[in-house]
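Asks: requesting a structural model of the entry that follows:
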Amino acid sequence: MYTTSPSNSIFRFGVILAVFAATGFSCKAIFAKLAYRHGVDAITMVCLRMLFVLLILASFSLWRSKATLARRDYLALIGLGLLGYYLSSVLDFIGLMTVSASLERLILSLYPTLTVLFSVMLGGAVLTRRIKQALPITYLGIALVVYPGLKDTNADWVGIGFILASTTCYALYMSLSPKVIARVGAMRFTELGLTVSSIAIICHFLITHPVQALIQPLPVYGLAAAMAVFATVLPIYATAAAMSRIGASRTAIIGSLGPMLSILLSIGILDERLSPIQWLGAAIVMLGVWIVGKSHKS
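Replies: Prediction:
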């Protein structure tokens, strides 16, 4: 998959970045569920989130660059920005309106496998021995964690379809991004991609909602701001930087930590509890992530 092998220090730093990204993304569902308690709808919540993202980017002038990109890179950035953080976000937030947190986590946990498959089919990636070992172990752990919570779930199939479509969009984004990142750089890729997705969701909101819908209770603004910083900007930067160091497949598999971390966060925030079998599943997921992060030489 790579022309040269990264050094061990670069590889380890990439793994740390991927874990950090998974931690940040795991907060998203928690923030969304807390915001929905105040009556905000999905599109408005995503719009508020991306407005804060634009403010963050503009405050640091991150998306302004004097260097000129090739036409194909501009097109790629627009396409990936729409795919990764516009379509996937909108579809996921709509699904969360009717799908339980546990079921959403289960469906989203499919994205590492999809990313690996898309990377092989579309990006010419090679499945290493460690990745082949880690995939079944990781998904066994995820199944043990989320299955007990599905017994009482009554989500409709429309909501399930939205979450599945979101997962597919994000997996495509992950598998198609590394080549563009290699050409334009991880930081610039993230800045321009976020700008594209932010503009897209704001246009979506203005077409479908009155501007007055942005008037929400103060806690909603706080949750949107927290989501923009801790569950959007920082983890997206970390994901792009991780992919540039360890590749999309490894980054995606390490992202399997996300559902586990979401559950751990929900224990204290949403009063959820884990059974002994779920704790076993969490430990198995950690084992799978450890396998893929142990070495890049096999």
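
Asks: surely Ile30 and Leu265 touch.
Replies: Yes. Using Cβ atoms under 8 Å, Ile30 is in contact with Leu265, at 5.2 Å. For glycine as for every other residue, the C-beta is placed from the backbone atoms N, C-alpha and C.

Asks: checking Ala143 next. Helix, strand or coil?
Replies: Look at Ala143: counting by DSSP: H, G, I helix; E, B strand; the rest coil, its state is helix.

Asks: from Ala29, how far off is it?
Replies: Per Cβ to Cβ, to the nearest Å, Ala143 is found 19 Å from Ala29.

Asks: neighbour count: these two, which is higher?
Replies: Neighbours were counted for Ala143 and for Ala29 using other Cβ atoms under 10 Å; Ala29 has more, 25 against 15.

Asks: residues touching the residue nearest to Thr44 when sequence neighbours are not counted, list them.
Replies: Using Cβ to Cβ, 6 or more residues apart in numbering and skipping residues adjacent in sequence, the residue nearest Thr44 is Ala213, 5.1 Å away. Ala213 makes contacts with 41, 44, 205, as judged by Cβ atoms under 8 Å, 6 or more residues apart in numbering.

Asks: 10 Å instead?
Replies: The neighbours of Ala213, taking Cβ atoms under 10 Å, 6 or more residues apart in numbering as the test, are 40-41, 43-44, 47-48, 205-206.

Asks: same check on Leu54?
Replies: 63, 194-195, 197-199, 201-202, 228.

Asks: show me the shaky parts of the stretch 51-200 of the chain.
Replies: 60-67, 100-103, 105-106, 123, 145-156 (pLDDT under 70).

Asks: tell me which stretches of it form helices.
Replies: Ranges of helices in the stretch 51-200 of the chain, per DSSP state H, counting those that start in this stretch, are 71-82, 88-96, 101-108, 111-123, 129-150, 157-184, 186-208.

Asks: the longest one - contacts with which helices or strands?
Replies: On a contact count with 3 or more Cβ pairs under 10 Å, 6 or more residues apart in numbering; DSSP states H and E, helix 157-184 meets helix 71-82, helix 88-96, helix 101-108, helix 111-123, helix 186-208, helix 234-254.
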